[in-house]
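1. Please find the sequence and the predicted model below.
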Amino acid sequence: MKNTLPNEVQLYLGEIVKRLTGHLKDQLVGVYLFGSASYDAYEPGVSDLDVQAVVKSPLKPDEKQAIISLLSQDALPCPATKLEFVVYAQSSVNPANRHPRFELNLNTGPHQSDHISLDPANESSHWFLLDIAMGRQLGRCLHGSAVTEAFGAIPRRWVLEGMADSLEWHQRNEANSSNSVLNTCRTWQFIATGDFSSKLNGAKWAMKQKNCPAVVERAIAARKTGDKLLAAEVMELYDIVVKANRDKLETEVH
């Protein structure tokens, strides 16, 4: 049976849509739920909420500030670990862009300072590319046009290149975290099958592979305890997935 989102999360998402439609009116193309909450993998106390919006034309500075004021933690308390909210102008995501340029990137939630970015040049574009690619396959429309109408199809090669960037980042910055291992497993699954899934399901898929390192099973247990993993063991997994990605890229058409 599929999980349903907690009532407080559903109410919160509804309020986001209400505030955006009230402020942006006809300028709004749609509002979309991405991430674990959109594919029945949301876990209270663990998961965040990934919401993206598309507008018809670029926003003016005062419009961006108004949205921040409407959705920041002080104005609308987030019931999850945090809200990751991104706004795109329609022309920057349909047709697809190798380096999607957002209008606004806001991370807000309890127990943390708001992260506000208005300049795409200050952020690594592969995060946004991969979120959109996964969202087109697994995302949910909360308001407006369908996900696949708002966001253009992303070539598989771009996804693989974005995954190579993601793997490099995790290897450099989170070499001993369970999150890094689970994300790498999800990447491995996509490379092999072309399908996205939750991090946990990616890890379960990985454990069925003959060459799966034992660190994956430990990472599943550590995701709630927060225990650190041995970097050397994590690197065993990285070596497998980085090679698989490199091999797949060699077969992809430019």
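-> Good, I have the coordinates. Computed from a prediction, not measured in an experiment: that's the story for all the values here. Numbers count the residues shown, from 1 in each chain.

2. Now do the helices in the protein.
-> Taking DSSP state H as the criterion, the chain contains helices spanning 7-24, 61-71, 90-93, 125-138, 147-150, 156-173, 178-193, 199-207, 215-225, 231-251.

3. and those as TSV, adding mean pLDDT, mean neighbour count and distance to Pro110?
-> C-beta here means a position set from N, CA and C on the backbone, and glycine is covered the same way. As requested, those are arranged in TSV below (pLDDT from 0 to 100; neighbours: other CB atoms under 10 Å; distance: least, CB to CB, whole Å):
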stretch	mean pLDDT	mean neighbour count	distance to Pro110
helix 7-24	97	16	12
helix 61-71	97	15	14
helix 90-93	98	18	30
helix 125-138	97	21	22
helix 147-150	98	18	28
helix 156-173	95	17	24
helix 178-193	95	22	19
helix 199-207	95	20	22
helix 215-225	90	18	19
helix 231-251	95	16	29
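
4. Turn those into a markdown table, columns for distance to Val46.
-> Formatted as a markdown table, the entries for those read as follows, by distance: least, CB to CB, whole Å:
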| stretch | distance to Val46 |
| --- | --- |
| helix 7-24 | 13 |
| helix 61-71 | 22 |
| helix 90-93 | 28 |
| helix 125-138 | 18 |
| helix 147-150 | 24 |
| helix 156-173 | 18 |
| helix 178-193 | 10 |
| helix 199-207 | 10 |
| helix 215-225 | 7 |
| helix 231-251 | 20 |
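
5. which one of these lies closest to Asp114?
-> Of all these, helix 61-71 sits nearest to Asp114, with 7.8 Å by CB to CB.

6. and that closest one, how far from the chain's centre?
-> Computed by CA atoms, centre = their mean, to the nearest Å, the separation of helix 61-71 from the middle of its chain amounts to 22 Å.

7. and it, what does it pack onto?
-> When contacts are defined as 3 or more CB pairs under 8 Å, 6 or more residues apart in numbering; DSSP states H and E, helix 61-71 sits against helix 7-24, strand 83-89, strand 102-108.

8. got the angle for that helix vs helix 7-24?
-> 160 degrees (axes from the mean of the first three to the mean of the last three CA atoms, to 10 degrees).
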